[in-house]
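>>> My questions are about this predicted structure, shown below with the sequence.
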Amino acid sequence: AIEIHPYDGEKFIKLENVAWRFHLVWMLAQCADTYHFYTLSGYQDLFPNIRVCFAHGGQLAHVNLGRRIQAFDGRPDLFEGMVHPRKAVGHPNIFFDTLVHDTISMEMMVKRLSGTNQIIMGLDDPYPLGEMESDAQSSYPGKLLDLSLQRDIVTHREYKNIWEDNVIRWLGVDPRERGI
């Protein structure tokens, strides 16, 4: 199991780090870029025993899927020998974590993936933008998932699976055989 969580964007992109741009924009862009090439290369099928989780719900990867499909279909000359972006959607070896920070993004991810089987709990704790207990944030680890349950974005069963069974599957264990 591998977690893709880019960091240190300022080492790669020659921009001034104003308004925390590398955490709020470039980290997501790097994650989407990794997803883009990981899936175009078909690594999810070439290496069937590797399970990958993209941090922060792979947000830009989901938002950008239509654009990637349009480019792949409209400019095949740019994608020779690559795998169609649709083929990766819902792939059993590609996971995304829940740390998207708002229920609309969570709902979009659930819809894009046609369910929650590939979504695992993401806390990002102790990193500076994780769901942490704080009066100023009124947040706690798992709050987004609690809100998603309250707003009927996920069912009680999906909620449990995101916290437990999906994580166990991402780690490579069949939840029915774990003996816990």
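Thanks, I have the structure now.
>>> looking at this protein, which helix or strand does the model trust least?
Between all helices and strands in the chain, the lowest mean by mean pLDDT, DSSP states H and E belongs to helix 21, at a mean of 85.
>>> The nearest residue to G115 once chain neighbours are set aside sits in which helix or strand?
Nearest residue to G115, sequence neighbours excluded (CB to CB, 6 or more residues apart in numbering): E158, at 7.4 Å. For every residue, glycine as well, the C-beta is placed using N, CA and C. E158 belongs to helix 156-163 when assigned by DSSP states H and E.
>>> any idea how far that helix is from the chain center?
The chain centroid and the centroid of helix 156-163 are separated by 16 Å under CA atoms, centre = their mean, to the nearest Å.
>>> average model confidence for that helix?
Averaging pLDDT along helix 156-163 yields 97.
>>> immediately after it, which helix or strand?
Assignment by DSSP H and E places the next element after helix 156-163 at helix 165-170.
>>> Give the helix, strand or coil label for F96.
Assigned state for F96: strand (three-state reduction, DSSP: H, G, I helix; E, B strand; the rest coil).
>>> This completes my enquiry, with thanks.
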